[in-house]
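1. pasting the sequence and the predicted coordinates here, then a few questions.
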Amino acid sequence: MECLEKSFRSRKEFEMHVRVIRHFLTARGCRGSDLLFVGINEAVNNALFHGNRKDPSKNVLLRISQKGEELQISVQDEGYRLDREIFFRHRSREDADPLSEHGRGFMIIEGCCDEVTFPEPGTICMIVKLHENRLGESEPPGKNRHEEEV
């Protein structure tokens, strides 16, 4: 299993790794890697600004691994628990404004990958199928296997 791990405490530190992250995505054959990077970028921003509350003593860990035909991306912060209930509640609101400054980050993340999960406190995991159902083909991105549970 090929894996890339990067840890950072600020937006500036994250930006130092952008080229390596983008290269890792394209080297795995990820069509739509620019779109996927948008989702990763949004998850990192959420972790830094909302999870860690801009606390420079707290880390954000980005882990990207290829397992078979999938890329698994995990963004984990050291802050407050990410409430997946809020994610699904916002997602299902009919009056939700996609241009609003609040809550659209989750919609962006979900729109950039095949699946979003919240396996543990402070962690967002994104799954992208590389070959079987790549971004931009047949089935639209943003499916979530936990959606029915909420």
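-> Done, it's in.
2. switch to C-alpha atoms for all contacts and neighbour counts from now on
-> OK.
3. quick check: what element follows the helix or strand harbouring Val20 along the chain?
-> Using DSSP states H and E, the element containing Val20 is helix 18-27. Using DSSP H and E, the next helix or strand after helix 18-27 towards the C-terminus is helix 33-46.
4. so what touches that next one?
-> Contact with helix 33-46 is made by 11, 22, 25-26, 60, 62, 73, 75, 105, 108-113, 124, as judged by Cα atoms under 8 Å, 6 or more residues apart in numbering.
5. count the neighbours of Arg31 for me.
-> 17 (other Cα atoms under 10 Å).
6. and what of the one 5 residues further on?
-> The number of residues packed near Leu36 is 26, by other Cα under 10 Å.
7. how about the helices in this structure?
-> Applying DSSP state H to the chain gives helices spanning 11-15, 18-27, 33-46, 84-92, 104-111.
8. and the first one, which residues are buried?
-> Buried residues in helix 11-15, defined by neighbour count with 16 or more other Cα atoms under 10 Å: Phe14.
9. and the closest residue to Cys3 other than its chain neighbours, what does it touch?
-> Nearest non-adjacent residue to Cys3, counting by Cα to Cα, 6 or more residues apart in numbering: Ser65, 4.2 Å away. Residues near Ser65 by Cα under 8 Å, 6+ apart: Met1, Glu2, Cys3, Leu4, Leu71, Gln72, Ile73.
10. so what touches the helix holding Val20?
-> Contacts to helix 18-27, defined as Cα under 8 Å, 6+ apart, come from residues Leu4, Ser33, Asp34, Phe37.
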